[in-house]
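Asks: return a 3D structure for these sequence lines:
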Amino acid sequence: MTSITIGVVDDHPLFREGVTRSLSEISSFVVIGEGASSDDAAMIASDNRPDIMLLDVSMPGGGLSAISNVLERSPTTKVLMLTVSEEVDTLLDALQRGAMGYVLKGVGSRGLVEAIQTVLGGTRYISPTMSAKVMENSLNGGTSDKSSLTPREREVMDLVAQGLSNKHIGLRLGLQEKTVKHHMTQILSKLGASNRTEAALQWRELH
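Replies: Purely as a prediction, here's the structure:
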């Protein structure tokens, strides 16, 4: 069985040790690097190129800043935030910077394993509590009128939810990139979303 390599970066030693111990009990998981700061995360990414990097949001250098540092050094690494922050803006910021998942501390080992396996499969993972907050935030901030989307807008949103850029959506649907941008403007207004990441999360919840 191929091992799944993991880096764990958190500035709370006891928590980090607990996570490392729990993951090490899974036969296919191997923790190959531990750290406590954004600089440590970058070093682990450069030296070890782990399959998964677990990052706390609040740590020296900033967990959000660490995302791009990790991905620049190891583009194939999947970043999973493991944090106490339940701020929707923090979640959206993390996803926009390239994180593949957002898990709240307090999750059990089984839940963490599920999150890791989900992002390894190429699908974003958001803690159910946070998914609900994003939905509530979107609904309170706008009209969230899914039914008013045109068939073409629905096609665009299906591809946005898969993580495709406007350029690649255009290529897939045979549209100019500026046309896709126009569709996105209309979609964000109808869904009451402030950005494409929020719209994608909302779209997945509505399906």
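Asks: ranges for the helices of this structure?
Replies: In the chain, the segments counted as helices under DSSP state H are 13-24, 38-48, 63-73, 88-96, 109-120, 128-141, 151-160, 166-173, 177-191, 196-206.
Asks: what's the shortest one packed up against?
Replies: Using 3 or more Cβ pairs under 8 Å, 6 or more residues apart in numbering; DSSP states H and E as the contact criterion, the secondary-structure elements in contact with helix 166-173 are helix 151-160, helix 177-191. Bear in mind the C-beta positions are built from the backbone N, C-alpha and C, glycine included.
Asks: tabulate the ones you listed (JSON lines), appending distance to I6 and mean neighbour count.
Replies: Shown next, in JSON lines, are the helices and strands packed on helix 166-173 (distance: least, Cβ to Cβ, whole Å; neighbours: other Cβ atoms under 10 Å):
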{"stretch": "helix 151-160", "distance to I6": "29", "mean neighbour count": "17"}
{"stretch": "helix 177-191", "distance to I6": "35", "mean neighbour count": "17"}
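Asks: ok now do Y102, which residues does it touch?
Replies: By Cβ atoms under 8 Å, 6 or more residues apart in numbering, the contact set of Y102 is L80, M81, T83, L91, A94, L95, Y125, I126, S127, M130.
Asks: can you do 10 Å?
Replies: 57, 79-83, 85-86, 90-92, 94-95, 115, 124-127, 130-131, 134 (Cβ atoms under 10 Å, 6 or more residues apart in numbering).
Asks: cool, and H12?
Replies: G18, V19, A36, D56, S58, M59, K105.
Asks: Serialize these to CSV and add fields for neighbour count.
Replies: Below are the contacts of H12 laid out as CSV (neighbours: other Cβ atoms under 10 Å):
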residue, neighbour count
G18, 14
V19, 22
A36, 18
D56, 24
S58, 14
M59, 21
K105, 16
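Asks: my read: E25 touches R110, true?
Replies: No: applying Cβ atoms under 10 Å, one finds E25 not in contact with R110, separated by 11.4 Å.
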